[in-house]
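# Give the three-dimensional model of this entry:
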Amino acid sequence: MTYRNGSHTLFHHRYHIVWAPKYRFKVLHGEVRLRVREIIKQVCDEMGVTIVNGALSRDHVHMFVEIPPHVSVSDFVRRAKGRSSRKIQQEFEHIRKRYWGQRFWQRGYFSTTSGNITDDIIMRYLDKHTRKDGFSPSA
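A predicted model of the protein is given here:
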């Protein structure tokens, strides 16, 4: 596991994020797929998000990314989905006709964190420090 650093931070924030086109239509292929990929990469570069791995299926996007602490997951997803939706509908007429309501992506997304430390390890670590420092949530 490698940590990344900012000016005053050291972090390892990795997220598995998934979202899909509206109605789960299988539209992410050919030129549309390549353009969505390019737009998402641009957003990542602008926001300082590192793509660890990813996959564009015909009906959903999977990303494993490392997001710096000053960027929220929801802000990253909002920007990636928003910009790609706008650009795809501007550039591809068949998509604009299919998604006439100006919404290319489904409303929500799935997100989960990744790491080598389990909840149990964190709880044991905090319990050890609670006895030592005298701080506890109930105090």
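# Might you list the low-confidence residue ranges for the chain?
Segments of the chain classed as low confidence (criterion: pLDDT under 70) are 129-139.
# which stretches of it form helices?
30-47, 73-91, 93-98, 119-133 (DSSP state H).
# mind checking which of those helices is nearest residue 4?
Ranking the helices of the chain by distance to residue 4, with Cβ to Cβ as the measure, places helix 30-47 first at 13.7 Å. (C-beta placed from N, C-alpha, C; glycine too.)
# what is the orientation angle of that closest one with helix 73-91?
Going by axes from the mean of the first three to the mean of the last three Cα atoms, to 10 degrees, helix 30-47 is angled at 140 degrees with respect to helix 73-91.
# Contacts for helix 30-47 next, please.
Defining contact as Cβ atoms under 8 Å, 6 or more residues apart in numbering, one finds that helix 30-47 is touched by 28, 49-51, 56, 58, 61, 63, 65, 67-68, 71, 75-76, 79-80, 83-84, 87-88, 91-92, 95.
# Show the buried residues in those residues.
Applying 16 or more other Cβ atoms under 10 Å to the contacts of helix 30-47, the neighbour count classes 28, 49, 56, 61, 63, 65, 67-68, 76, 79-80, 84, 87-88, 92, 95 as buried.
# any idea which of the residues you listed is closest to residue 11?
Each of the buried ones among the contacts of helix 30-47 was scored against residue 11 by Cβ to Cβ, and residue 68 proved nearest at 6.7 Å.
# Chain neighbours aside, what residue packs nearest to that closest one?
Beyond its immediate neighbours in the sequence, the residue positioned closest to residue 68 (Cβ to Cβ, 6 or more residues apart in numbering) is residue 48, lying 5.0 Å away.
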